[in-house]
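In: Compute the structure for the input listed below.
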Amino acid sequence: MRYRSKAAARGSPAWMTTFADLMAVLVVFFVMLYTMSTIDNERYQKLAESLRQVLGPSVVQEDTPQAAPTVVDLEGPAPTPEQEVHDDLPPADPEHTDTAEILEALQEALAEELAAGDVELGEGEDGVLLRFPEQAAFALGSKEISEPFVPVLDRVAGVLADTPGLIRVSGHTDDIPIRSDRFRSNFELSTARAISVVHILKDAGITPERLIAQGHGETRPLAPNETPEQRARNRRVDVHLVDAAD
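Out: Numbering: from 1, shown residues only. Just a heads-up that it's a prediction; the model follows:
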C-alpha cells in the first residue's frame, strides 16, 4: 500500500484558485478586445462598468479613447474659385490700357492740381507715376489726408479703376527724426500715410487686391536734405501704376 505525503494531501494553496479565476477573466477580456474591430462609446462604458465591479475601480480608467491629433494647417482651407486672388486683378474690360491713354486721362482729371503743383505726373521706371507732396495732402507730422485733397484722390481712383496693373502706394519723409507719441519713427509715419491713401482709393472703387502700401521713411530722398525746400520735396506719397501697358 502506498501512502501520500502530508504536503501532497493538502493540495494547492487556496489563493491559487482565486488567482486562476482572475487570470481567466483577464484572458477572456483581452480576447474580446482583440476580436472586436471597434468599440463605440456606449459599449465601452458598459464594459468598463462591468469590469469595475469585478476588478475594482482602479483597473479601468474613466476616460474614453481619444482620437489621434491631426496636423495643423497653417495656410488655412483652400480658397474656392470665387475666392482665389490673382497677382493682377484689372477690371474685366479696362477702358485705359495704353500708358499714353492713362497719362492723358489723369491729366484731364487733375488739370487744376497739376497746374497748381499739388500733384506731379509722369512715367516712372515701372509704369505711370503720381506724386503728392506733403503740403498738398497732409499736415506736418500727420497721417490724416486733408479734406480738400480727398476729392483729388477720388478723381485719381476714377481713372485708375479702369486700368490694368497693380497700384503701389509709397510714403516718404525727410531725414528729421519725428518727435511724436503717435509714431516711433519716420518709417511708421510714411507707412501710415501710404495706408491712408490706400483706404481712400479702395473706398472710391479700386479693387483691394490691386493695392499695395509701403513706407520708406527717409531712405529714398529726391533731393539732399540740406534746406527746408529740399526736405519739403522729400516729404511725399508716390502712387505707381505698375506694369501698365506701353
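In: can we go C-alpha only for contacts and neighbour counts from here?
Out: Will do.
In: V239 belongs to a helix?
Out: No: secondary structure assignment (DSSP: H, G, I helix; E, B strand; the rest coil) places V239 in strand, not in a helix.
In: That one and Q214: what is the separation?
Out: According to CA to CA, to the nearest Å, V239 stands 10 Å off from Q214.
In: So between those two, which is more surrounded?
Out: Higher neighbour count among V239 and Q214: V239, with 25 against 20, using other CA atoms under 10 Å.
In: how about that one, what does it touch?
Out: Counting by CA atoms under 8 Å, 6 or more residues apart in numbering, V239 makes contact with L129, L130, R131, I167, R168, V169, S170.
In: Which members of these define the maximum pairwise distance?
Out: Greatest spatial distance among those (CA to CA): R131 and I167, at 12.9 Å.
In: Nearest to V198 among the contacts of V239?
Out: Relative to V198, and with distances defined as CA to CA, the nearest of the contacts of V239 is V169, at 6.9 Å.
In: Pretty sure that closest one sits against R210.
Out: No: no contact is recorded between V169 and R210 when judged using CA atoms under 8 Å, the distance being 10.6 Å.
In: Look at those two and report which has more neighbours.
Out: The neighbour count for V169 versus R210, taken as other CA under 10 Å, is higher for V169 (25 against 21).
In: what residues go with each domain of the protein?
Out: Domain assignment of the chain by automatic domain parsing yields the ranges 14-55, 99-242.
In: related to what we said a few turns ago, which ones among the contacts of V239 lie within helices?
Out: Judged by DSSP state H, these include no members of helices.
In: From L241, how far off is R193?
Out: Distance check for R193 against L241: by CA to CA, it reads 18 Å.
In: what's the answer for L121, then?
Out: Using CA to CA, we find L121 at a distance of 11 Å from L241.
In: related to what we said a few turns ago, what touches both of V239 and Q214?
Out: Counting by CA under 8 Å, 6+ apart, the common neighbours of V239 and Q214 are R168, V169, S170.
In: Not counting its neighbours along the chain, what's nearest E134?
Out: R236 (4.9 Å; CA to CA, 6 or more residues apart in numbering).
In: Pull the contacting residues for that neighbour.
Out: Listed by CA under 8 Å, 6+ apart, the contact partners of R236 are R131, F132, P133, E134, G171, H172, T173.
In: so where's the chain uncertain?
Out: Low-confidence segments of the chain, defined by pLDDT under 70, are located at 1-12, 34-44, 47-48, 51-93, 244-246.
In: Mind jotting down where the strands sit in it?
Out: Ranges of strands within the chain are 120-124, 127-133, 166-172, 211-215, 236-242, based on DSSP state E.
In: and of those strands, who's closest to K143?
Out: strand 166-172 (10.1 Å).
In: Check which helices and strands that closest one is in contact with.
Out: Packing partners of strand 166-172 (3 or more CA pairs under 8 Å, 6 or more residues apart in numbering; DSSP states H and E): helix 186-203, strand 211-215, strand 236-242.
In: Verify the contact between E188 and E218 for me.
Out: No: contact between E188 and E218 fails when scored by CA under 8 Å: they sit 11.0 Å apart.
In: Please state the offset of the longest helix seen in the chain from the chain centre?
Out: The single longest helix within the chain, with elements called by DSSP H, is helix 14-35. A distance of 58 Å separates the C-alpha centroid of helix 14-35 from that of its chain, computed with CA atoms, centre = their mean, to the nearest Å.
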